[in-house]
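Asker: coordinates for the following, if possible.
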Amino acid sequence: MQQESSRAESIVRVSYRGIGVNLLLVIGKAAVGLHAHSIAVVLDAVNNLSDAMSSLITIIGAKLAGKAADRKHPYGHGRIEYISASLIAVMIFVAGLASLKQSAEKLMHPVKPDYSAVSLLILAAGVAAKIILGQYYKKKGNALNSASLTASGTDALFDAVIGAATLISAAVSMTAGKNIEGLLGIVISVLILKAGFDIIRETMNHIIGIRADDALTAQIRQRICENSNVRGAYDLILHNYGPDKYFGTVHIEIDDHMTAREIDALSRSIVPQIYQEFGVLLTIGIYAANTHSETAQQIREAVRHIVSQYPEILQMHGFYAEEAVRAVSFDIMLDYDTEGTDTITEEIRRELTERFPDYQFFINIDRDFSD
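Answerer: The predicted structure is shown next:
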């Protein structure tokens, strides 16, 4: 809890600094725009005001996301950060549409602005400030795993591009007497719209539920399997409830002669280790492995051979042969694009039954929730 509180406080501090920078830019750019009669600079000042508002959204989102779990929200409030990031992305997208509309109007009805050397210096300072702020947001966003700060960083860097375009068009206007604000604005607006769409798509993926990072799941399975009593780790499923907040389930394969006390001790050693190292709270299920039956080993090898003939089968696990009732069960993991799953299982069952007619075969289909 202390670590989560510290993270939220860091996000809030970064956001307050961003608000301060953006308010200074609002004052400077509004003064330049009104003096030079440049609607582009005035609207850029308004855009900086919206950036300050997006930082306020980040602050509110971080504070709400940091609230402790309660009866109604037992997994915490971490996903609020994804919602605040999506709101900022919507603001970026709307800014892109407004910029596109404004640029098209300037292209169709150009108005020559009246810039001065002081105006150019203020605009140049604004571009530099936005570049520094954007990099600062991105660096802190990556360090704190904050989608909202990262989105604000993207927004700030695009603001720097817009400011640079305004600066270039102002310089061209002063030296060559040509107004290219509209043309540059249209190109930049398209880039802004794409950035906004990409951020919205990414945050929506997190809200809907996205596949866990392959490197993370591989490391967790590897760490579990380092225990000498674990034959394998399968069916690892991770549920994300905010940045760095995971709950998960996994099945471990162990020898069938282990006692309940031994299994309990094994689980109690794995769960805190994984939580301490990866921040993932696991619930562990058990697959028993036949250890004293030659017949079970023969059937298992036959299953492996048959399954290997199907490229759409990614994995076979959870095998157990219960000789007392002549029953065999196992799981197969199929690719998401696989069609005709019933046909595949029937073909495998038929071939196994021909080789081992005294046994019944129960095949469960799994999906690859993680690599």
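
Asker: just the strands from the stretch 251-371 of the chain, written as ranges.
Answerer: 280-289, 313-322, 327-334, 360-367 (DSSP state E, counting those that start in this stretch).

Asker: tell me the confidence at the residue nearest to Ile363 when sequence neighbours are not counted?
Answerer: Closest residue in space to Ile363, ignoring its immediate chain neighbours: Thr345 at 4.7 Å, by Cβ to Cβ, 6 or more residues apart in numbering. Any C-beta I mention is one placed from the backbone N, CA and C, and that applies to glycine too. At Thr345, the predicted lDDT confidence score is 93.

Asker: tally of neighbours for Thr345?
Answerer: 17 (other Cβ atoms under 10 Å).

Asker: Ile365 is in contact with that one, correct?
Answerer: Yes - using Cβ atoms under 8 Å, Thr345 is in contact with Ile365, at 6.9 Å.

Asker: where in this structure is pLDDT low?
Answerer: 1-5, 37-40, 43, 111-115, 177, 179, 181, 371 (pLDDT under 70).

Asker: how close does Glu351 sit to Gln219?
Answerer: 37 Å (Cβ to Cβ, to the nearest Å).

Asker: quick revisit: can you pull the contacts of the residue nearest to Ile363?
Answerer: Ile332, Ile363, Ile365 (Cβ atoms under 8 Å, 6 or more residues apart in numbering).

Asker: likewise Leu123?
Answerer: So Leu123 contacts Lys29, Val32, Val41, Gly163, Thr166, Leu167, Ala170 (Cβ under 8 Å, 6+ apart).

Asker: which stretches of the protein form helices?
Answerer: 2-36, 39-65, 80-108, 117-144, 147-176, 181-208, 214-225, 260-278, 294-307, 341-355 (DSSP state H).

Asker: go ahead and confirm Val328 touches Glu322.
Answerer: Yes - counting by Cβ under 8 Å, Glu322 is a contact partner of Val328 at 7.5 Å.

Asker: the two: who's more crowded?
Answerer: Val328 (23 against 16).

Asker: for Gly209, see how far away the more buried one is.
Answerer: 33 Å.

Asker: with Tyr136 instead?
Answerer: Tyr136 is 31 Å from Gly209, by Cβ to Cβ.

Asker: between those two, which one's more packed in?
Answerer: It is Tyr136, of Tyr136 and Gly209, that has more neighbours when counted by other Cβ under 10 Å, with 18 against 9.

Asker: residue contacts, that one?
Answerer: Val14, Arg17, Gly18, Gly153.

Asker: how about the last one, what does it touch?
Answerer: In this structure, Gly153 makes contact with Leu133, Gly134, Gln135, Tyr136, Tyr137, Lys138, Lys139, Gly141, judged by Cβ under 8 Å, 6+ apart.

Asker: neighbour-wise, give me the winner out of the residues you listed.
Answerer: Tyr137 (27 neighbours).

Asker: thinking that residue is in contact with Ser146, fair?
Answerer: No - applying Cβ under 8 Å as the test, Tyr137 and Ser146 come out as separate, 9.1 Å apart.

Asker: how far away is the residue nearest to Ile363 from Leu238?
Answerer: From Thr345 over to Leu238 (counting by Cβ to Cβ), the distance is 27 Å.

Asker: ok, Glu202 next?
Answerer: 18 Å.

Asker: looking at the two, which has the bigger crowd around it?
Answerer: Neighbours were tallied for Glu202 and for Leu238 using other Cβ under 10 Å; the higher tally belongs to Leu238 (20 against 17).

Asker: hmm, that one is touching Val280, no?
Answerer: Yes - contact status for Leu238 versus Val280: in contact at 6.5 Å, counting by Cβ under 8 Å.

Asker: who touches both of these two?
Answerer: With Cβ under 8 Å, 6+ apart as the test, Leu238 and Val280 both reach Tyr246, Phe247, Gly248.

Asker: wait, the last one touches Asn240, no?
Answerer: No - the pair Gly248 and Asn240 does not pass the contact test of Cβ under 8 Å, sitting 9.6 Å apart.

Asker: return the distance of stretch 241-248 from the chain's centre.
Answerer: Distance, stretch centre to chain centre, for stretch 241-248: 11 Å (Cα atoms, centre = their mean, to the nearest Å).

Asker: what lies in contact with it?
Answerer: Residues contacting stretch 241-248 (Cβ under 8 Å, 6+ apart): 65, 75-82, 144-147, 212, 220, 236-240, 278-283.

Asker: tell me the buried residues in that stretch?
Answerer: In terms of neighbour count (16 or more other Cβ atoms under 10 Å), stretch 241-248 has its buried residues at Tyr241, Gly242, Pro243, Lys245, Tyr246, Phe247, Gly248.

Asker: perfect, that will be all.
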